[in-house]
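[1] coordinates only, no sequence provided:
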């Protein structure tokens, strides 16, 4: 009888964990152009939805749009915004604005974001004053709240297969061979014989 030992080590293969990268975000000017182009695309989408609704529904659709309560208007606008950004960034890693400005969205490992991360980015955009968080960010960081919450970056599109960033430097890299500097060695006792010439 084959008994399973719950205390035995796993026999599953160990896969390499993705490596965190130091990623440089694109400029604030490009981020602004992304926002502006996507805003225009967003209005075009809504105009298209309105035209199709009127063509199909006729007078009743026009009346529904005219009598639309402001709260329903906000809900539909935000829902469309979340769907647009989540689909585009989750499926392709860019929106129409980012495609035109040659920028991409990546996660902290330099990979295209998952739909979950893209959804978190989209929800982050609904935070009041989120756009100002990017404008007020330090010049060497250039990230808004929706970037930070989803652990994503907007970068210039990498060329020729270049990585999205450099491997993140860690202190363990310096001491990988187990040699510690003299001052950091535990139990290092300095005697007066070692100090005096």
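    On my side now, so go ahead. Predicted model only: the values in this text are computed from it and were never measured. Residues are numbered from 1 along each chain as shown.

[2] state the distance from the residue nearest the centre of the chain to residue 88.
    Nearest residue to the geometric centre of the chain (CA atoms, centre = their mean): residue 152, 1.9 Å. The gap separating residue 152 from residue 88 is 13 Å, by CB to CB, to the nearest Å. Every residue, glycine included, has its C-beta placed from N, CA and C.

[3] hmm, back to that, who is the residue nearest to the centre of the chain paired with across the strands?
    Note on residue 152: beta-bridge partners residue 107, judged by DSSP bridges.

[4] what sits against residue 27?
    residue 142 (CB atoms under 8 Å, 6 or more residues apart in numbering).

[5] ok, the one 10 residues further on next?
    Residue 37 makes contacts with 96-97, 100-101, as judged by CB under 8 Å, 6+ apart.

[6] again, only using 10 Å
    Residues near residue 37 by CB atoms under 10 Å, 6 or more residues apart in numbering: 95-101.

[7] okay, and the common contacts of residue 152 and residue 88?
    Joint contacts of residue 152 and residue 88 (CB under 10 Å, 6+ apart) are 105, 118.

[8] quick one, longest helix in the protein?
    helix 28-57 (DSSP state H).

[9] three-state assignment of residue 146?
    Recorded secondary structure, residue 146: helix (DSSP: H, G, I helix; E, B strand; the rest coil).

[10] so what's the residue count around it?
    Number of residues near residue 146 (other CB atoms under 10 Å) recorded here: 22.

[11] if we can go back for a sec, of the contacts of residue 37, just say which sits nearest to residue 123.
    Closest approach to residue 123 among those (CB to CB): residue 95, at 15.6 Å.

[12] what's the separation between that closest one and residue 103?
    Taking CB to CB, one finds residue 95 at 9 Å from residue 103.

[13] do residue 86 as well
    Applying CB to CB, the value for residue 86 to residue 103 is 18 Å.

[14] neighbour count winner among these two?
    Using other CB under 10 Å as the criterion, residue 86 and residue 103 rank with residue 103 on top: 24 against 20.
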